[in-house]
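Peer 1: no sequence for this one, just the structure:
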């Protein structure tokens, strides 16, 4: 979706976070897919280490022969 987001905001000033979120949110592909986004005001922990056990619990579906780059992460139950 990044190429469509980039096309959507070409030449527009990214003056503040709200304008960036608005431009991303109002992006659609040629086939009608829409981007959904919202601003997260929380705080992320920097340099958090994820253990091997925690990583194995992530519900990742690797797609095709390039699963390192093409994947879907779904919620865990």
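Peer 2: In hand now; what should we look at? The shown structure was predicted, so the numbers you read here are calculated from the model rather than taken from an experiment.
Peer 1: by contact count, what packs against the longest helix along the chain?
Peer 2: When the chain is scanned for its longest helix (criterion: DSSP state H), the result is helix 17-25. Under the contact definition 3 or more CB pairs under 8 Å, 6 or more residues apart in numbering; DSSP states H and E, helix 17-25 sits against helix 2-8. Backbone N, C-alpha and C define where each C-beta goes, glycine included.
Peer 1: how far does the helix it packs on sit from its chain's centre?
Peer 2: The offset between the C-alpha centroid of helix 2-8 and the centroid of the whole chain comes to 13 Å, using CA atoms, centre = their mean, to the nearest Å.
Peer 1: that older thread, buried residues in the helix or strand that the longest helix of the chain is followed by?
Peer 2: From helix 17-25 onward toward the C-terminus, using DSSP states H and E, the following helix or strand is helix 52-56. Within helix 52-56, no residue is scored as buried using 16 or more other CB atoms under 10 Å.
Peer 1: could you name the helices and strands sitting against the helix-or-strand element of the chain with minimal mean pLDDT?
Peer 2: Taking mean pLDDT, DSSP states H and E as the measure, the helices and strands of the chain show their lowest mean at helix 2-8, namely a mean of 81. Using 3+ CB pairs under 8 Å, 6+ apart as the contact test, the elements touching helix 2-8 are helix 17-25.
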